[in-house]
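>>> how would this look folded up:
(chains A and B)
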Amino acid sequence: MSRLDDLYARHLQPLTKKLIGFGQSEQDAEDIAQETLIATWKRLDHVAPEAEWRYLVVAAFNLARKLATRRRPLTSLEATPDASDETSSAEQTLIERQETEQFQTRFLAVMRELTPETQQAIFLRAQGLRSKEIASKLGLTDQAVRSRLSRAFELIRARAGEPPADVRWMSLFGDHDDHEK
Amino acid sequence: MITKNDWDDALNAWAEEERERLGGPPSPEEVMAYLDGELSGAAAERVRALLVYSPELTPLLDERVEKPQHKPLALRAYAVAATVVLALLLVNRPDREPAVASSHHEFSPLLTRGTGVTRELPAGEREYVITVVPSQPPDGEHEIEIARGTKRLWSAGGVHPIDDTFIVTIPGEFLDVGTYTLIVRGDDGVVDRYAFRVTPRR
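This is a model prediction of the structure:
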């Protein structure tokens, strides 16, 4: 069995499955997995056997992201409202859009004031990770993560506004109950 | 009305902005080097940030191998010396009985909202316990100084935060009625500066 065949045999299915797990269609997932396997095979001399899977995963998701960027439809927040809309409705939409843009500007401004680790902790919290998991990924203590998040949320609330109740990631406990059981 | 979608979109916009700022996805070689502990400093921080902002790759962060990093000998010697001095101070302290703190003050820019605020501490306390919550989570070693005007009264270097805060205890007799400044310095200079005034008791 050639090395490429071996690579296909061991990794095509799990890699396709992983890509599907992250929202790729079955067809796209298989195409991306195949393309990744060929690209990796060409560089196989530089990849240690024990690092093969990790290498494939990174390469596959990089490729998936590149494809997604290429396919992204050109939409714009500046698009004018449908001419058939009622004027009042169009005005309402415009006001809401401006409100959203202003909110986003405020949110991004306050995020830029935080340290990289705090910014990352917020993003990981939004992915549903517990404080302990965030701490282990960022090399911090659980307590440090909580205190950073707590301070950051206070600052975000003060500058960007109070989030709706269903924005669970803006709570210290996120989507999971972080209390010790 | 700002909805949950707006909040989620704003956070995703943030992640996208960061991914672009950091130069797009890391190459598999960079990720392998990071996970094997072969990158350090800015290069390691960049790859870590990109792994955080790429949720599909985030689980790889758990596979990172930490290469042991030794503090420079001078720093370790300094830490040992500081511990010895602290131990001697405790042994020689006349008041060696346990005591419950009679006052506690928190110096936090988030609580006071803005600079130029002078915190007031009543004179005549046996001991002042001050929790300093810096405006930015502190990393590494810091120096804390208490000054009166331009005169430095006391300072401690090589200080590490405890849960992102510094706790300073000041004996009551150390502070006369007057105005003081507590300064927190990091590697890049002054991190925070808090003015406080010890006021006579009525």
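>>> Torsion angles phi and psi at B:P161?
Backbone torsions of B:P161, given as degrees, to the nearest 10, read phi -70, psi 150.
>>> How about it: what's its closest non-neighbour residue?
B:P138 (4.4 Å; CB to CB, 6 or more residues apart in numbering or on different chains). Where C-beta positions appear, they are placed from N, C-alpha and C, glycine not excepted.
>>> Tell me where chain B has strands.
B:104-107, B:118-122, B:127-132, B:142-148, B:151-159, B:166-171, B:178-186, B:189-199 (DSSP state E).
>>> Could you give the average pLDDT over the fourth one?
The reference is to strand B:142-148. The pLDDT scores in strand B:142-148 average 89.
>>> Can I get the strands of chain B in a markdown table including distance to B:R46 and mean neighbour count?
Shown next, in a markdown table, are these (distance: least, CB to CB, whole Å; neighbours: other CB atoms under 10 Å in any protein chain shown):
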| stretch | distance to B:R46 | mean neighbour count |
| --- | --- | --- |
| strand B:104-107 | 34 | 16 |
| strand B:118-122 | 39 | 14 |
| strand B:127-132 | 31 | 18 |
| strand B:142-148 | 25 | 17 |
| strand B:151-159 | 29 | 13 |
| strand B:166-171 | 30 | 16 |
| strand B:178-186 | 21 | 17 |
| strand B:189-199 | 24 | 16 |
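>>> Where among those strands is average confidence lowest?
strand B:104-107 (a mean of 81).
>>> low-confidence ranges in chain A?
The model of chain A has pLDDT under 70 over residues A:1, A:72-86, A:173-181.
>>> longest helix anywhere in it?
helix A:87-113 (DSSP state H).
>>> Following the chain onward from it, which element is next?
helix A:116-126 (DSSP states H and E).
>>> Could you confirm whether stretch B:56-63 reaches chain A?
Yes. Using CB under 8 Å from any CB of the partner chain, stretch B:56-63 reaches chain A at B:E56, B:L57, B:T58, B:L60, B:L61, B:D62, B:E63.
>>> ok, what's across the strand from B:V184?
Counting by DSSP bridges, B:V184 is bridged to B:I144, B:D192.
>>> Next up, the contacts around it.
B:V132, B:P134, B:P138, B:H142, B:E143, B:I144, B:F166, B:V190, B:V191, B:D192, B:R193 (CB atoms under 8 Å, 6 or more residues apart in numbering or on different chains).
>>> dump the residue contacts of the residue sitting nearest the centre point of chain B.
Chain B has B:P138 as the residue nearest its centroid, 2.4 Å off, counting by CA atoms, centre = their mean. Listed by CB under 8 Å, 6+ apart, the contact set of B:P138 reads B:P161, B:D164, B:F166, B:V184, B:G186, B:V191.
>>> correct me, but the third one touches B:V159?
Yes. When contacts are counted by CB atoms under 8 Å, B:F166 is listed as touching B:V159 (6.4 Å).
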